[in-house]
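K.L.:
Just to be clear, the model below is a prediction. Sequence and coordinates:
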Amino acid sequence: MITLGKALVPALALTSLVAAHGAEAALEGRYFTPGVTSGAFDAYYDTNLDVTWLADTNQFGLMSWDYVDNWVQTLVLAGVDEWRLPSFSDGSGDGSTGELYQLFVVELGNNADSQHPTLVYNPGPFRNVQYYITTGGGPTAAYWTDTAYGDGAYAWQTFNASYIAQSKEGLYWGYSVWLVHDGDVGYVAAVPEPEAYALMLAGLGLVAFAARRRRS
């Protein structure tokens, strides 16, 4: 496994703190390229679950579970391998212990199936969160988990931007792929060293001095 290095500065203001049912989970922005100082993050490190989520929740579009299960095993993204689908459960078979549920409901405060129709919508810092819209023809948005069961696989449907529900879907349905990686992957935003600030200020001082000389 290849894990990207860290910039030699603390995340500090780059950390997004999300209140969650009396606990506090931190989603810390990460870049896949060293030296970046601003702009949209590529991923977020979840200090609660000790995993890194891609910032774009629909980066790869729709895929069948059969396809993505094989594809992700050889995927190298930004020089990093061993990406995976989110876990369905902690091994107990209870979907509410899985990573997507823990992020979407426990950490971000959105509703679970038993709580709707109370509207709560918090995508957190993530982009392109896909939402189920009832069409009468089956789910239109769901996220695959890592667990197959019989002729299907478990997914989490995100209903009408209001709640999340577990479902078992056919292996050949096309649903969204939100990849996750164990541990902390990526770089925090680069912050200039004090020496760089000093050089910059010295340069500005020289420019100002030269401008005064020209005016005089």
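P.N.:
Looks like it came in fine.

K.L.:
Report the contact partners of the nearest residue to residue 146 once chain neighbours are set aside.
P.N.:
Closest residue to residue 146 apart from its sequence neighbours, by Cβ to Cβ, 6 or more residues apart in numbering: residue 85 at 4.1 Å. For the C-beta atoms, the positions are set from N, CA and C on the backbone; glycine is no exception. For residue 85, the contacting residues are 68-69, 72, 144-146, 177-180, by Cβ atoms under 8 Å, 6 or more residues apart in numbering.

K.L.:
List only buried entries from these.
P.N.:
Buried members of the contacts of residue 85, scored by 16 or more other Cβ atoms under 10 Å, are 68-69, 72, 144-146, 177-180.

K.L.:
which among the residues you listed gets closest to residue 130?
P.N.:
Closest to residue 130 out of the buried ones among the contacts of residue 85 is residue 178 (8.8 Å), distances taken as Cβ to Cβ.

K.L.:
close enough to count as contact, the closest one and residue 52?
P.N.:
No - between residue 178 and residue 52 no contact is recorded; they are 11.8 Å apart, counting by Cβ atoms under 8 Å.

K.L.:
Mind jotting down where the strands sit in the protein?
P.N.:
Chain-ordered strands for the chain, with DSSP state E as the definition, fall at 15-20, 23-30, 43-46, 51-54, 62-63, 111-112, 142-149, 152-159, 163-170, 175-176, 180-182.

K.L.:
No more questions from me, cheers.
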